[in-house]
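predicted model follows, preceded by the sequence.
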Amino acid sequence: MKIVKPIIDFVMDILETVVFIGSMFIVVYLFILTPNQVKGASMENTFRTGDYILTSRITYKFRKIERGDVVVFKSPKNPDIEYIKRVIGLPGDVITISKAGVVKVNNIQLLENYIAATTNLWDGGCIKDNVPYTVVAGYIFVMGDNRPRSSDSREFCAVPVENIIGDVFYRYFPSNVIGVISNPLPKSIR
């Protein structure tokens, strides 16, 4: 009996530790950080299929969404699908895109060194050639960095802010591109 009690105490200590660590993991996962895997080519060359990223669920509780942020959000067409896109327009912004691929926000051309191909327009989409599109309150306008291969606000219009899961702030795989994800836009136009 003297040997059994220390073994039971030891097992209980381990069990308490496992439950505590598991509880902390669940809290962090549900309320603070969410790991995501990039699927699809819509954010190339910034992200590639198979990249692993961390999404902060609390960033926007401490600061406002900015143009240039990369966000993960629930699709406005199907809430079971999550997208990763870059914020281009904020509530009240006026977006215009020309057939030549020029993107303007509030009549200022975006200089987007993070995109590899020019911006195209979608037939039947929300944006028409040089026709101003105003982002209404409570919504954001998003586009993928790989414009020809991205389903985004050009197609399904602005996204409700409530659909945002979080801000992509860190890539942890593959090892050759590990690091913090920074906003490439100048502070003056964020």
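Nice, thanks for sending it over.

pretty sure I26 belongs to a helix, no?
Yes: looking at I26 with DSSP: H, G, I helix; E, B strand; the rest coil, it is inside a helix.

neighbours of it, how many?
10 (other C-beta atoms under 10 Å). Bear in mind the C-beta positions are built from the backbone N, C-alpha and C, glycine included.

quick one: the residue most central in space within the chain from I7, how far?
With distances taken as C-alpha atoms, centre = their mean, V71 lies nearest the centre of the chain, 1.7 Å away. V71 sits at a distance of 50 Å from I7 (criterion: C-beta to C-beta, to the nearest Å).

which parts of the helix or strand of the chain with the lowest mean pLDDT are buried?
Ranked by mean pLDDT, DSSP states H and E, the helix or strand of the chain with the weakest confidence is helix 4-31, at a mean of 84. Buried residues in helix 4-31, counted by 16 or more other C-beta atoms under 10 Å: none are found.

and what of stretch 165-176?
For stretch 165-176, by 16+ other C-beta under 10 Å, it's 165-169, 171.

and which of those is nearest M24?
M24 lies nearest to G166 out of the buried residues of stretch 165-176, by C-beta to C-beta, at 18.7 Å.

would you verify that the closest one is located in a strand?
Yes: assessed by three-state DSSP, G166 belongs to a strand.

from here on, call the first residue 13.
Right, with 13 as the first residue, what we last looked at is G178.

what's near enough to touch it?
Neighbour list for G178: 46, 67-72, 83-84 [criterion: C-beta atoms under 8 Å, 6 or more residues apart in numbering].

distance of it relative to K140?
From G178 to K140 the distance is 31 Å (C-beta to C-beta).

I152 now?
Taking C-beta to C-beta, one finds I152 at 20 Å from K140.

so for the two, which sits in the more crowded spot?
Neighbours per residue (other C-beta under 10 Å) separate I152 from K140, with I152 holding more: 24 against 14.

three-state assignment of the more buried one?
Quick answer, by three-state DSSP: I152 is strand.

and the end-to-end length of stretch 145-159?
End-to-end distance for stretch 145-159, by C-alpha to C-alpha, to the nearest Å: 18 Å.

buried sites along that stretch?
Quick answer for stretch 145-159 (16+ other C-beta under 10 Å): 145, 147, 151-159.

tell me the contacts of V99?
V99 touches 77-83, 152-154, counting by C-beta under 8 Å, 6+ apart.

separation between V39 and Y64?
For V39 relative to Y64 (C-beta to C-beta), the value is 21 Å.

picking that back up, now distance to V192 and pLDDT too, for the buried residues of stretch 177-188, in TSV please.
As requested, these are arranged in TSV below (distance: C-beta to C-beta, whole Å; pLDDT from 0 to 100):
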residue	distance to V192	pLDDT
I177	19	95
G178	15	95
D179	11	96
V180	10	96
F181	6	93
R183	8	95
